[in-house]
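*Asks:* Make a model of this:
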Amino acid sequence: DFSSYYNTLKPNWKKNVKEKIHKFLTWFSLAKPPLWSASFFKTQLEKLVPLRIADGHKDEFVCKLIPTAQSKFVVFGNIQGAFHSLVRCLTQLNSMGIVAQDLKIANPDYFIIFMGDVVDRSPVTMETLSLLMLLLQQNPKNVLYLKGNHESNNYWQEHTLKTELQIRASHLSKDVIPLANEVNALFNTLPLACYITSIDNKTNEFIRISDAGREQNELLIEHKFASFLLAKERGAHGCFNLKTTTPLSVSDESVEIKVILKGEKKRETFQPHSGLRLLPPDVGSTAWNVLSCPTVVYQKALKFMNDAFVVITPAEKLDRWKITLYNRNITTQDPFKTKTFYLLSGAAENGNGPTEPVPSEAPPALTPVAAPTPPVPPTDEPPTPAPKAPEQQTMDTTITTTATSIAQQAHDIAQRAQDIARKA
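*Replies:* Next up is the predicted model:
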């Protein structure tokens, strides 16, 4: 519960007057725009949701991605408000040539997929969601934000985002939960699952990415929309509405889900986690879980201390597809390291040794770089911090001016939260 901290940010008449004066001055270029505000968050929601609905992102639907031999799929597991970790990961992706300085994905064959559960369990969920919206705005066809447990059925209203909105956005709405309708409108534009075909969709073998397992969502019955999945049309992106589109009658054998990346209830299956874990097969599919949230909850409950994401690399045959874990320990200033596995078999590419530094034989964009910043505390109760780097490395400044501004704001928030906790 971060209520005591949120209350330090609660708008009052002095802050409101100051904000209005500042906004007036920015109109005449007499002041710089604010780093971040709840008003900016509201504006993002109001602008992004109609664009997504116009693109057919509404109701219950799934997406299909058709890769080429040059494609890469970057996948993030649960984020759970781990804003600082996400910024560090995006900085790493920038150094790899996948994400540009303006947050645009550098190649139309590259995709970033968030597996859901982006919100809650953090004091900076609003900033985290802002950053996700920026990515979606810049890359409407190449960034997928899937619907997770916390984005479904108002579940987020039982967690910290509810309290955060009630306090930090109280001046923007008289509703019991300010901006609840706008947040739900965004969540209603998120797909339930993403299906990756074989290269150029030449076979009936698929990779499914979803929060739900194979038998956990009655809408995700692949034979009912097999014709959509098997269609050979060109174009990397497509959507299928599971409720308003007429079901397609195709036999169960028409679609083979060979691999699934799915969510995992950590309280039921506690296991050490480095960011990528091979799970027991799910209805015959090789199953993986990705975790990307080194927040205080996961630090304490799972001893999870890693910035982490994976990159899936296609090949002509599915048994040669690879999944590479990129991770780094947030309590150190070490660079990201990698470990590569075959996606279908789960076998390590280079044996069963420890995670390796980014390999020297990789293209120049993939060579290891020093961590761009010291680990910024992901929440108000961080582990013992590493020594601070010089001031110019305090924040991640290689993404965009906007992302940097949000990062600065969130960093200040975390520091203030620590001060409050120490005084309490």
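*Asks:* which residues sit in contact with the residue nearest to residue 291 when sequence neighbours are not counted?
*Replies:* Of all residues beyond its chain neighbours, the one nearest residue 291 is residue 77 (4.5 Å), with distances taken as Cβ to Cβ, 6 or more residues apart in numbering. For glycine as for every other residue, the C-beta is placed from the backbone atoms N, C-alpha and C. Shown here is residue 77, whose contacts under the criterion Cβ atoms under 8 Å, 6 or more residues apart in numbering are 115, 263, 275, 289, 290, 291, 292, 293, 308, 309.
*Asks:* What about those residues, which are in strands?
*Replies:* Within the contacts of residue 77, membership in strands is found for 289, 290, 308, 309, as judged by DSSP state E.
*Asks:* what's the helix or strand residue 186 falls within packed up against?
*Replies:* Assessed by DSSP states H and E, residue 186 sits inside helix 180-187. Using 3 or more Cβ pairs under 8 Å, 6 or more residues apart in numbering; DSSP states H and E as the contact criterion, the elements in contact with helix 180-187 are helix 38-54, helix 160-168.
*Asks:* Check which strands are paired with the very next helix or strand once past it and give the direction for each one.
*Replies:* Heading C-terminal from helix 180-187, the first helix or strand you meet, by DSSP H and E, is strand 193-196. According to DSSP bridges, strand 193-196 forms sheet pairs with strand 61-65 (parallel), strand 205-210 (antiparallel).
*Asks:* and residue 123, which of the ones you listed is closest to it?
*Replies:* Go through the strands paired with strand 193-196 one by one with Cβ to Cβ and the one that ends up closest to residue 123 is strand 205-210, at 28.2 Å.
*Asks:* what's the next secondary structure element after that closest one?
*Replies:* Sequence-wise, the next helix or strand downstream of strand 205-210 (DSSP H and E) is helix 226-230.
*Asks:* Residue 108 is in contact with residue 142, correct?
*Replies:* Yes - contact between residue 142 and residue 108 holds when scored by Cβ atoms under 8 Å: they sit 6.9 Å apart.
*Asks:* More neighbours: which of those two?
*Replies:* residue 142 (22 against 14; other Cβ atoms under 10 Å).
*Asks:* Setting the sequence-adjacent residues aside, check what's closest to that one.
*Replies:* If the residues on either side of it in the chain are set aside, residue 142 comes closest to residue 105, at 4.6 Å by Cβ to Cβ, 6+ apart.
*Asks:* do the same with residue 178
*Replies:* Counting by Cβ to Cβ, 6+ apart, residue 178 lies nearest to residue 169, which is 4.0 Å off, once chain neighbours are set aside.
*Asks:* can you count the residues close to that neighbour?
*Replies:* When neighbours are counted by other Cβ under 10 Å, residue 169 registers 24.
*Asks:* who touches it in this structure?
*Replies:* If you count contacts by Cβ under 8 Å, 6+ apart, then residue 169 has 38, 41, 42, 126, 178, 179 around it.
*Asks:* And residue 277, by the same measure?
*Replies:* Under the contact definition (Cβ under 8 Å, 6+ apart), the residues listed for residue 277 are 264, 271, 288, 289, 291.
*Asks:* can you check residue 208 too?
*Replies:* By Cβ under 8 Å, 6+ apart, the contact set of residue 208 is 193-196, 214, 220, 222, 257, 259-262, 285.
*Asks:* what bridges to it?
*Replies:* If you apply DSSP bridges, the partners that residue 208 bridges to are residue 195, residue 260.
*Asks:* Can you give me the distance of it to residue 338?
*Replies:* When distance is defined by Cβ to Cβ, to the nearest Å, residue 208 is 24 Å away from residue 338.
*Asks:* neighbour-wise, which of the contacts of residue 169 leads?
*Replies:* Across these, neighbour numbers were computed from other Cβ under 10 Å; residue 126 holds the maximum, 28 neighbours.
*Asks:* pLDDT value on it, please?
*Replies:* Turning to residue 126, the model gives it a pLDDT of 95.
*Asks:* Which strand or helix spans it?
*Replies:* helix 125-138.
*Asks:* Beyond that helix, next helix or strand please.
*Replies:* Next along from helix 125-138, by DSSP H and E: strand 143-145.
*Asks:* average pLDDT across that next one?
*Replies:* Averaged across strand 143-145, the pLDDT comes to 98.
*Asks:* And for that strand, what's in contact with it?
*Replies:* The set of residues that contact strand 143-145 without belonging to it, under Cβ under 8 Å, 6+ apart, is 63, 65, 105, 111-114, 116, 118, 132, 135-136, 190-191, 194.
*Asks:* can you do 6 Å?
*Replies:* 112, 113, 114, 132, 135, 136, 190, 194 (Cβ atoms under 6 Å, 6 or more residues apart in numbering).
*Asks:* Quick check: phi and psi at the first one.
*Replies:* The main-chain torsion angles of residue 112 are listed as degrees, to the nearest 10 and equal phi -120, psi 130.
*Asks:* I'd say it and residue 74 touch.
*Replies:* Yes - using Cβ atoms under 6 Å, residue 112 makes contact with residue 74 at a distance of 4.6 Å.
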